[in-house]
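>>> What follows is a predicted protein model with its sequence.
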Amino acid sequence: MSLRGRAIAYLVILHALFAAVAVYLFLDNAYWLIAVEVVFTASLVVGLRLSREMYRHLALTTEGLRLIREHEFTSRFLPVGQPEIDELIGIYNTMVDHLRTERVRVAEQHQFLSRVLQVSPSGIVILDFDGRVSSLNPAAERLLDTTASVAVGRPLDTLGSPLADALGSLAPGDARLVGMLGARRVKCHHGTFVDRGFQRSFLLIEELTEELRQFERAAYEKLIRVMSHEVNNTVAASNSLLHSSLSYAGDLEAGNRHDFEQAITIVIERTEQLGSFMRRFADVFRLPPPMTRPCDLLPVLQGISRLLAANENARRIEWRWEIDQPSFPVDVDRGQIEQALLNILKNSVEAIDGEGTVTVRLTASGSRTTLTIDDTGPGITAEAQSNLFTPFFSTKPHGQGIGLTLVQEILTAHGFDYGIERTPHGTTRFTVVMDGDRPQTAAKLTASTTGPAIW
């Protein structure tokens, strides 16, 4: 029974006893009955007033509990003139003021953090207590190639992305540099935070492609500049001495003259090749800005394929063309783009090393032209894929590691997207997306240019 019910029951029982006494006195003395009735009436009136006053103040407590339960912290109570109740009201008003201030502060921080996450260039993925994705920002959607509606509620390893797999394998507190399609590099970090007393995880994805590319470029450019300077100085001086020595061949006996001339000539040729080798490295980092003009990509590719098909090691390679329109005009520096495509197709031919197929696929959609080159070679490993665009890295036994570096410099200068991947069939695919709507770093051609330089 509630407190109010017990109080009413008490008053009823008490006044029932008064009534019984009144009946008894009425039988004995009528005057005593009148006195008891007066006392009985006065007591009842006072008891009801006190009860009503008490429960009116208790109703404030009930209303306060309801407001707290409903998280309604904007209402405050006014003093009622009773010291004990006024003290309780003062404590309640102070408490809800603090709760309201804290809720506003948390809401403002949450709004600020939400806006920061929305515009942050770094991807952030937050996991729930079971390791499933609970939220991710737009940058993470872009890097993971997915959307929040698809990823939320799923473990990372079910998203079907190499980057998601790498993130899922990170232990709390670990950081790792992960290679993505093409020359892209991202730094991944697995952090933790406490939520309601339990540990939760978040994953930070920061793309470092351009920073690393500029750092590597600066480092290798300085190294090559020093090496080229020293080698060219040595080669020039050595060749001068060797040519001078060769002029003395006539002073030798006829039996020794041929061997002397042959030995000196071989040394001269090797030093000249060494100088040419160093100049090729230096030229990769001295490319001029592309001077672009409209160019049909199809004849360029067909000309390169005829050039490569004439090689002895490419006689058994079949060239397959998948073309959806007769021409593919794009704004490019013809000399530079031909050099890049030559390196790409040459790598495909050398990867097959025998009988196989090179498939050239050209598609156009609006201002976007997409070129894909597939070869049926042995494919590339995951380790090789993440290092292909690193200067001096090569999977060939005698490779110099500058071909794809040159391709990267040319395509990046044109503002094109590109990448190398291993297809589900085990073949290798090089993709170049030439978007005419994207601002390029190239300058428009105002005069004629020379043809491509074939290395």
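Okay, I see it. Numbers count the residues shown, from 1 in each chain.

>>> now the strands for the protein?
123-127, 133-136, 175-179, 185-195, 198-207, 291-296, 317-323, 329-332, 356-365, 368-375, 417-422, 428-435, 443-444 (DSSP state E).

>>> how about the fourth one as PDB, C-alpha atoms only?
Provided in PDB are the C-alpha atoms of strand 185-195 (Å, rounded to 0.1, in the frame of the first residue of the first chain):
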ATOM      1  CA  ARG A 185      50.000   4.500 -50.400                       C
ATOM      2  CA  VAL A 186      47.900   4.900 -47.200                       C
ATOM      3  CA  LYS A 187      49.000   4.900 -43.600                       C
ATOM      4  CA  CYS A 188      46.600   2.800 -41.400                       C
ATOM      5  CA  HIS A 189      46.500   3.000 -37.600                       C
ATOM      6  CA  HIS A 190      44.300   1.000 -35.200                       C
ATOM      7  CA  GLY A 191      43.400   3.000 -32.100                       C
ATOM      8  CA  THR A 192      41.100   2.400 -29.200                       C
ATOM      9  CA  PHE A 193      38.900   4.500 -26.900                       C
ATOM     10  CA  VAL A 194      36.600   3.800 -23.900                       C
ATOM     11  CA  ASP A 195      32.900   3.800 -24.300                       C
END
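
>>> buried residues in it?
185-190 (16 or more other CB atoms under 10 Å). All C-beta spots, glycine's among them, are computed from the backbone N, C-alpha and C.

>>> likewise the fifth one?
Neighbour-count burial for strand 198-207, with 16+ other CB under 10 Å as criterion, is recorded at 200-207.

>>> Return the member of those nearest to Ile304.
Nearest to Ile304 among the buried residues of strand 198-207 is Glu207, at 32.3 Å by CB to CB.

>>> any idea how far Ile323 is from Gln408?
26 Å (CB to CB, to the nearest Å).

>>> out of these two, which sits in the busier spot?
Neighbour totals were compared for Ile323 and Gln408, and Gln408 leads with 21 against 14 (other CB atoms under 10 Å).

>>> what's the pLDDT at that one?
Here, the pLDDT recorded for Gln408 equals 81.

>>> residues near the nearest residue to Gly153 once chain neighbours are set aside, how many?
Distances taken as CB to CB, 6 or more residues apart in numbering place Arg132 nearest to Gly153, at 5.7 Å, with adjacent residues excluded. Counted with other CB under 10 Å, residues neighbouring Arg132 total 14.

>>> any idea how far His258 is from the closest residue to Thr265 other than its chain neighbours?
What sits nearest to Thr265 in space, not counting adjacent residues and going by CB to CB, 6+ apart, is Leu246, at 7.3 Å. According to CB to CB, Leu246 and His258 sit 12 Å apart.

>>> Compare neighbour counts for those two and give me the winner.
Leu246 (16 against 11).

>>> per-residue pLDDT, the more buried one?
75.

>>> now do Val358
At Val358, pLDDT is 91.

>>> And it, how far from Leu404?
17 Å.

>>> Could you verify my assumption that Ser327 touches Pro294?
No - taking contacts as CB atoms under 8 Å, Ser327 lies outside contact range of Pro294: 10.3 Å.

>>> In this structure Ala148 contacts Ala139, no?
No - counting by CB under 8 Å, Ala148 stays clear of Ala139, with 11.9 Å between them.
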